[in-house]
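Asks: predicted model and sequence follow; I will ask about them next.
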Amino acid sequence: MKVRSEPKYVRRRRIALLVVLVVLLRLGLGISRVVGALADGGAAAAPVTRVPADAGLATAASPRASAVPAPTPSPAEPQGEPGPSAETALVRVLRLSGGLTPKSVVASEQGLVFAQNMMYKHTVSAFRADGALVRTISDSVRLADLGVAGHPGTSRGAPVEMAFSPDGKHAWVSNYAMYGTGFGPEGLDSCTAGDGTATSLVYRVNTQSYAIEKAVPVGAVPKYVAVTPDGRRVLVTNWCSADLSVIDTATSTEVARIPLRGEHPRGIATSPDSRTAYIALMGSDRLVRVDLASGAVLDYARTGDGPRHVVSSPDGRFLYVTNNGDGTVSKLERSTGRVLQWVRTGKEPRSLAISSDGGAVYSVNYESSTVTKLRTSDLLAVDEVVTDHHPIGITYEPTRKSVWVACYGGSILVFDDSRRHVA
C-alpha cells in the first residue's frame, strides 16, 4: 500500500517551529519557557540572565542563599526614542514572583535592588537591575555574635524597609519586629507609644558579601529608613514608639532617639546639607521638621490626611508627599513648607518614588491597584498603569530608568520608563 506523504504546508510549519526552538535554546531560555513560547505562537521576549543562587558568599549566621524562580518577561517591549522622564511612558517588561512577599523595594544608584519580604518569608531578595536574582538573604542572626546582648541563640526579624548608603556599599534594613529569646510582643499598626510593644533592630548588610554585619537596637516597630546625603547618619522612624532613631554610621550605634510629637511617623526626607529631616506623621495631617544637631522638632506643614511617604527633588527645592487618607499627592516648597499644589491620584496612595532627573514622581495607589505618574512641574498625571493587587512599594532604578513596584500579594512588576510615548 502506498504511504501518503505529508502535505508541504505541514512540513514547512514543522521546520519553522524547529528553527524557532533552536534559536530560543541558543538564546538561553529553559525548555519550559521555550514550550510556553511555542504555545503562544512562537513569540518570546528577550531572556533575562539569572545569577546562580550559590554565587558569592552566604549570609553570616544564615544558610546559603536560595533562588527565586526566574523572572518572567512581559510580552511588551519599550518603544520610541529615549527622553526625559516627564515625556516618557511606562511599559511593563518584567513580573517577578515566587518566594516574594514584598513590603518595599529600593534601588541603589549602582543598580542593585532590594525587596523586603517581612515576617512572611523572613528574607530580603537582592536583584540586579535586569531582574536577575543575586541573593536571598535570611533575616536569621545570632545577635550575641553581633554585639547585642540579651538574646541568646538565633533570632529572626521581619524586613520591612531599607536604604542604601550613598556609595552603595551598605544596605540598612529595618525589622518590623524581632522573634527569639528575650523579645516581647510584636507591634500592631494600631499601637501607641508606651503600650509595651517590643523594640526592634536595624540590620546593616554588606552589599558585596550579602552578610548581615551589624544589628542596631532602635525603637518599637521601625518602619522607614533614610541615610543622610553625607552618609554619616541613618534615620529610622519608629511607628509604635512615635520617635526617630538616629544611627551614627561610623560606629553603627544609635546616638539619639527623638520624640516626634505625633502618632505613627513614617516617611523621611532630608535636606541636601544633611542637617534637617522632614518626617511624615501618618496619624495626623502633618509633617514635622527635625534639626538633627539639636534634636529640636518643629511643626513644618499640613499636607493632607495621613501623610505616608515623602521624597525630595534632586536639587532639594521641593518635597512631594503621598496623603494616604485623602488619596492625594502634595508638592511643597522645602525652604518654607508651603504647599504649592496637590492632585488626586488613586485610593490610598502609599509609597512614592522620583526619577533621577526630577521630572516625574510615581505613586502606588494601594486600593486602586495602579501606579500614577505625575509630572513634577505641575503635578499633571501623564501616565497611569494597572498593577497586581495592593501595590505598596516603589522605587526608581536609575541605571535602566525603570520603575519597580512591590505588590503585597507576592510579586514585583518592573516598568521601563526610558522612552517617549509612541502614539
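Replies: That came in fine, so what should we check first?
Asks: could you list the low-pLDDT ranges of the stretch 51-200 of the chain?
Replies: Under the criterion pLDDT under 70, the flagged ranges of the stretch 51-200 of the chain are 51-79.
Asks: ranges for the helices of it?
Replies: Listed from the start of the chain, the stretch 51-200 of the chain has helices (DSSP state H, counting those that start in this stretch) covering 118-121.
Asks: kindly export stretch 392-403 (C-alpha atoms) in CSV.
Replies: These are the backbone C-alpha positions of stretch 392-403, laid out as CSV (Å, rounded to 0.1, in the frame of the first residue of the first chain):
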residue,chain,number,x,y,z
ILE,A,392,2.7,49.1,48.3
GLY,A,393,6.4,49.8,47.5
ILE,A,394,8.0,51.6,44.6
THR,A,395,11.5,52.7,43.5
TYR,A,396,13.2,54.2,40.5
GLU,A,397,16.2,52.2,39.3
PRO,A,398,18.5,54.8,37.7
THR,A,399,20.9,52.7,35.6
ARG,A,400,18.0,51.5,33.4
LYS,A,401,15.5,54.2,34.1
SER,A,402,13.0,51.7,35.2
VAL,A,403,10.3,51.7,37.9
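Asks: any buried residues in that stretch, and which?
Replies: Neighbour-count burial for stretch 392-403, counted by 16 or more other C-beta atoms under 10 Å, picks out 392, 393, 394, 395, 396, 397, 398, 400, 401, 402, 403. C-beta coordinates here come from the backbone N, C-alpha and C atoms, glycine included.
Asks: run through who's touching that stretch.
Replies: Applying C-beta atoms under 8 Å, 6 or more residues apart in numbering, the set of residues contacting stretch 392-403 from outside is 85, 88, 90, 93, 102-107, 109-111, 113, 115-116, 129-130, 350-356, 362-364, 366, 371, 404-408, 414-418.
Asks: how far does that stretch sit from its chain's centre?
Replies: Taking the mean of its C-alpha atoms, stretch 392-403 sits 8 Å from the chain's own mean (C-alpha atoms, centre = their mean, to the nearest Å).
Asks: report the contact partners of the spatially closest residue to residue 143 that is not a sequence neighbour.
Replies: With C-beta to C-beta, 6 or more residues apart in numbering as the measure, residue 151 is the residue that lies nearest to residue 143, at 4.4 Å, once sequence neighbours are left out. Residue 151 makes contacts with 143, 144, 178, 180, 181, 182, 183, as judged by C-beta under 8 Å, 6+ apart.
Asks: okay, now the second one: neighbour count?
Replies: Residue 144 sits with 14 neighbouring residues when counted by other C-beta atoms under 10 Å.
Asks: one more: the first one?
Replies: Using other C-beta under 10 Å, residue 143 is surrounded by 23 other residues.
Asks: look up how far residue 156 lies from it.
Replies: Note on residue 143: its distance to residue 156, by C-beta to C-beta, to the nearest Å, is 11 Å.
Asks: which residues do the two both contact?
Replies: Shared contacts of residue 143 and residue 156, defined by C-beta under 8 Å, 6+ apart, comprise residue 180.
Asks: re earlier: let me know the closest of the contacts of residue 151 to residue 325.
Replies: When those are compared for distance to residue 325 (C-beta to C-beta), residue 178 comes out closest, at 29.8 Å.
Asks: distance of the closest one relative to residue 345?
Replies: Computed with C-beta to C-beta, the distance linking residue 178 and residue 345 is 34 Å.
Asks: kindly report the same for residue 285.
Replies: Noted for residue 285: a distance of 17 Å to residue 345, by C-beta to C-beta.
Asks: more neighbours, these two?
Replies: It is residue 345, of residue 285 and residue 345, that has more neighbours when counted by other C-beta under 10 Å, with 27 against 17.
Asks: apart from its neighbours in sequence, what residue is nearest the more buried one?
Replies: Of all residues not flanking residue 345 in the chain, residue 372 sits nearest, at 4.2 Å (C-beta to C-beta, 6+ apart).
Asks: and that neighbour, what element?
Replies: When secondary structure is defined using DSSP states H and E, the element that contains residue 372 is strand 370-375.
Asks: can you map out the strands along the stretch 151-300 of the chain?
Replies: Here the stretch 151-300 of the chain has its strands, by DSSP state E, counting those that start in this stretch, at 159-164, 170-175, 199-206, 212-220, 222-227, 233-238, 243-248, 253-259, 265-270, 276-281, 286-291, 297-302.
Asks: let's have these in TSV, adding mean neighbour count and distance to residue 388.
Replies: Formatted as TSV, the strands of the stretch 151-300 of the chain follow (neighbours: other C-beta atoms under 10 Å; distance: least, C-beta to C-beta, whole Å):
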stretch	mean neighbour count	distance to residue 388
strand 159-164	24	19
strand 170-175	27	23
strand 199-206	23	27
strand 212-220	23	29
strand 222-227	25	22
strand 233-238	26	27
strand 243-248	23	32
strand 253-259	16	36
strand 265-270	25	23
strand 276-281	25	25
strand 286-291	20	30
strand 297-302	17	33
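Asks: how about these in CSV, adding distance to residue 139?
Replies: What follows is those, written out as CSV (distance: least, C-beta to C-beta, whole Å):
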stretch, distance to residue 139
strand 159-164, 6
strand 170-175, 7
strand 199-206, 7
strand 212-220, 8
strand 222-227, 13
strand 233-238, 16
strand 243-248, 18
strand 253-259, 19
strand 265-270, 21
strand 276-281, 26
strand 286-291, 28
strand 297-302, 31
